[in-house]
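*Asks:* Next come a sequence and a model predicted from it.
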Amino acid sequence: MKNLCLASIMYAGDNNDRLPDSRIWMDQTSAYFNNKGNYRCPAVANGQYGYAFLDKLSRLGQDKIASPSDTLMVIDSKDTRWNAHGDISLLPDLPRHSNGNMIGFADGHADRINDFKLKHLRRQ
């Protein structure tokens, strides 16, 4: 998850400080990885992916994000397709990772977040 966020930030650095287009974010960040394995959540079976980029950050300039350290960017997703994107409603109903879901933030860090903590985070 952290690598996905860092790749998105690196993409922005190479593209006028604009984050990837959420509809094709995996396509746009794949140049920063050697293989597609980075896009696979280890808790998702059958070779699916399991992460989604939040639409509200699609093509957004990094300077427009008021608080990157608590702005959600990439999330565990029940949509497991390549280039999954949407909003926070894509979080799995049952957490995938020890009573929480993985969330990647606009500053590049990632954390396992439970529902209580999620309610207190900024959703740009």
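*Replies:* Yep, it's here.
*Asks:* What average pLDDT does the biggest helix by length in the chain get?
*Replies:* The longest helix of the chain (DSSP state H) is helix 2-14. Average pLDDT, helix 2-14: 98.
*Asks:* Enumerate every residue touching Asp55.
*Replies:* Going by C-beta atoms under 8 Å, 6 or more residues apart in numbering, Asp55 touches 22, 85-87. In this view, the C-beta of every residue, glycine as well, is placed from N, C-alpha and C.
*Asks:* give me that answer again for 6 Å
*Replies:* Counting by C-beta atoms under 6 Å, 6 or more residues apart in numbering, Asp55 makes contact with 22, 85-86.
*Asks:* what's the closest of the residues you listed to Arg40?
*Replies:* His85 (16.6 Å; C-beta to C-beta).
*Asks:* Who's the closest spatial neighbour of that closest one, skipping the chain neighbours?
*Replies:* Ser22 (3.8 Å; C-beta to C-beta, 6 or more residues apart in numbering).
*Asks:* give me phi/psi at the one you found?
*Replies:* phi -60, psi -30 (degrees, to the nearest 10).
*Asks:* So what's the residue count around it?
*Replies:* Look at Ser22: counted by other C-beta atoms under 10 Å, it has 23 neighbours.
*Asks:* and what of Asp27?
*Replies:* Asp27 has 12 nearby residues by other C-beta under 10 Å.
*Asks:* Name all residues that make contact with it.
*Replies:* Applying C-beta under 6 Å, 6+ apart, no residues contact Asp27.
*Asks:* Help me confirm that it is found in a helix?
*Replies:* Yes - counting by DSSP: H, G, I helix; E, B strand; the rest coil, Asp27 is located in a helix.
*Asks:* Use 29 as the first number for this chain going forward.
*Replies:* In the new count, where the first residue is 29, that last one comes out as Asp55.
*Asks:* Read off the pLDDT value for it.
*Replies:* pLDDT at Asp55 comes out at 97.
*Asks:* next one: Asn74
*Replies:* 87.
*Asks:* So what does it look like in phi/psi?
*Replies:* Main-chain dihedrals, Asn74, degrees, to the nearest 10: phi 60, psi 30.
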